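S.K.: Need coordinates for the below:
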Amino acid sequence: MLQHLKDFLLAAAGSLVLLVAFNANAQTFAIVLQDETPLRPTPGASAPAGAVLWQGETLEVRGERLDYLQVWDYARERGGYVRTATLKRLTLDEDEAPELLAVLRLMRDMPGAEALGIGIAAAYMEAAPAADLNGADGVEALEAMGAMAERLARAAMGTRLRNATAVSAHLDVVARYGVRFVTVETNDRLRLCYDGEAYRKILVLHATEAQRARAMLALSDPGCAKPELTLAEMLERVDEIRLPGDLRNRILMRRASLWSSLAYQRARTGEDAPAAAERALKALAAIDESELAQIDRRAYAEAQVRVGTSRVALARQVEQQRLHIVASASDAGQTCIALQDAERAELTRRCTYGLVWPASAVANRDGTALALAVQPVDGWRELWVFRKASAGWSLRILPPAAASPGIGSAEFAGWAPGRIRVAREAMIDGRVRRNVQLVKLAADRRLRSAALD
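M.R.: Below you'll find the model as predicted:
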């Protein structure tokens with residue numbers, strides 16, 4: 001049992017900075033319900049606004065006059081009057097906790113009210129007794145706070161210019177409750193993400209298996225978290241048998257995607273990549289498509305492509321080929337690929353910052369071409385084809401699709417006289433595109449293509 005659990009949970013939620021900083025003699029508080037609520041120096045609509053308040057802000061109540069409350073704003077260090085109808089008064093005692101929790105349940109899924117909902121969650125944590133915070137209600141409040149913080153981050157990324165002021169104000173309001181956001185760069189794009197503190201606290205409390213699973217999914221969001229062994233092991237500890245079908249599938253999809261990324265990372269550092277790839281395949285195979293929710297179809301397709309990309313880690317070296325490669329590290333941090341013939345004479349050389357999979361090398365029967373898998377980034381695998389021509393050896397790079405590196409793979413699918421068969425799959429505009437192409441070795445053009453999607 002944790003000591004001083006209430007303080008522990010309040011730290012997770014941001015310690016209710018405004019509330020605990022209030023004057024010890026203050027008895028009541030109020031939370032702002034509407035955006036752009038004016039704080040006036042005197043009661044009455046004719047008085048000019050001294051400041052503009054936003055939903056979720058907490059104020060100390062010091063008096064009442066007409067239909068206005070006299071308040072003190074600790075964030076701006078100024079007092080004034082606010083119309084009573086635009087505020088919800090709070091006593092923050094134990095008797096008020098059930099009402100606050102009921103309001104929080106309603107607001108959890110209300111888009112646009114995230115700042116107010118997080119303020120209500122923080123107020124509940126201040127009012128509720130430690131026994132409730134240590135139980136199901138406390139976990140529910142933390143989960144609601146995390147869900148609203150995630151939604152606010154997504155809203156901030158998708159907001160239009162005319163809404164930018166409100167979103168910026170909401171981010172500032174929740175920051176006063178200790179809710180933090182981080183900026184993550186993925187594929188040359190910046191994304192605002194919730195730091196996940198509330199979810200991390202759920203994992204050490206007496207949460208249900210479903211609550212723990214949802215927290216782990218939030219913490220391992222590939223758009224916000226870098227794949228790491230700790231996250232993968234955390235997901236492995238989820239007992240998916242005890243979860244409903246749709247949630248079990250989401251855990252398995254995330255597990256498959258995470259292990260496929262770890263296969264790439266381990267290969268770059270010389271660790272056991274095949275073991276990670278096998279775990280990815282095992283997780284993908286365990287998904288029950290009959291229990292797959294419609295909203296999860298895209299995630300499932302993405303997991304399939306990611307696992308397909310990592311499958312090259314299980315490739316075994318083809319022996320007794322007329323051509324083979326030797327990979328070595330260069331001083332510039334690149335991997336240099338030397339193509340050699342049966343007598344170990346070097347035919348050509350090419351260096352890359354990508355991950356080279358030497359075991360994937362397959363030469364044709366005539367010894368005039370060799371196909372090799374090279375992965376420039378996690379989730380994107382190209383097929384490099386070395387070809388012999390009259391002027392010497394050349395290299396052609398076949399990507400998964402004619403697009404910027406994302407998620408996809410181009411895979412060797414067999415030789416034909418003067419040609420190579422390439423199987424491609426890639427996520428393009430939210431859909432998986434698959435096709436098999438027959439490509440001439442002597443010319444940079446495709447002979448024919450058969451779509452598989």
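S.K.: And Arg381, how close does it get to Thr269?
M.R.: As judged by CB to CB, to the nearest Å, Arg381 and Thr269 stand 18 Å apart. Yep, even glycine has a C-beta here, placed from its N, CA and C like the rest.
S.K.: Neighbour count: these two, which is higher?
M.R.: Taking other CB atoms under 10 Å, Arg381 and Thr269 do not tie; Arg381 has more neighbours (28 against 7).
S.K.: Quickly find the element holding the residue nearest to the more buried one when sequence neighbours are not counted.
M.R.: Nearest non-adjacent residue to Arg381, counting by CB to CB, 6 or more residues apart in numbering: Ser409, 4.1 Å away. Using DSSP states H and E, Ser409 sits in strand 408-416.
S.K.: Pull up the gap between Arg200 and Met216, please.
M.R.: According to CB to CB, Arg200 stands 10 Å off from Met216.
S.K.: Gly367 too?
M.R.: To Met216, Gly367 is 50 Å away according to CB to CB.
S.K.: the more surrounded of these two?
M.R.: Legend: neighbour count by other CB under 10 Å for Gly367 and Met216, higher for Met216 (21 against 14).
S.K.: Check whether the more buried one really touches Ile251, as I assumed.
M.R.: Yes: using CB atoms under 8 Å, Met216 is in contact with Ile251, at 7.3 Å.
S.K.: intersection of neighbour lists for these two?
M.R.: Both Met216 and Ile251 are in contact with Leu235, Val238, where contact means CB atoms under 8 Å, 6 or more residues apart in numbering.
S.K.: What sits closest to Val52 if chain neighbours are left out?
M.R.: Of all residues not flanking Val52 in the chain, Glu36 sits nearest, at 5.4 Å (CB to CB, 6+ apart).
S.K.: Just the pLDDT for that neighbour.
M.R.: We have a pLDDT of 94 for Glu36.
S.K.: Run through the residues that contact it.
M.R.: Glu36 neighbours (CB under 8 Å, 6+ apart): Val52, Leu53, Trp54.
S.K.: just to revisit the earlier point, the residue nearest to Arg381 pairs with what?
M.R.: Beta bridges link Ser409 to Arg381, Glu425, judged by DSSP bridges.
S.K.: Then Ile325?
M.R.: In this entry, Ile325 is beta-bridged to Leu339, by DSSP bridges.
S.K.: In this structure it contacts Ala361, no?
M.R.: Yes: here Ile325 reaches Ala361: they are 5.1 Å apart, a contact under CB under 8 Å.
S.K.: Between the two, which contacts overlap?
M.R.: Jointly contacting Ile325 and Ala361 under the rule CB under 8 Å, 6+ apart are Leu370, Leu372.
S.K.: just so I have it, where are all the strands in the stretch 151-300 of the chain?
M.R.: Remark: strands assigned in the stretch 151-300 of the chain by DSSP state E, counting those that start in this stretch are 181-186, 189-194.
S.K.: Most tightly packed of the ones you listed?
M.R.: For the strands of the stretch 151-300 of the chain, the largest average neighbour count (mean count of other CB atoms under 10 Å) is found in strand 189-194, namely a mean of 16.
S.K.: helices or strands up against it?
M.R.: Judged by 3 or more CB pairs under 8 Å, 6 or more residues apart in numbering; DSSP states H and E, strand 189-194 is in contact with helix 136-158, strand 181-186.
S.K.: Take those and write them to TSV, including mean pLDDT and distance to Ala283.
M.R.: Output for those, formatted as TSV (pLDDT from 0 to 100; distance: least, CB to CB, whole Å):
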stretch	mean pLDDT	distance to Ala283
helix 136-158	94	24
strand 181-186	86	22
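S.K.: Quick one: these as TSV, columns for distance to Arg297 too.
M.R.: Below are the helices and strands packed on strand 189-194 laid out as TSV (distance: least, CB to CB, whole Å):
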stretch	distance to Arg297
helix 136-158	20
strand 181-186	22
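S.K.: what's the neighbour count on Thr309?
M.R.: Neighbour count for Thr309, taken as other CB under 10 Å: 29.
S.K.: Please, which helix or strand holds it?
M.R.: Going by DSSP H and E, Thr309 is part of helix 297-310.
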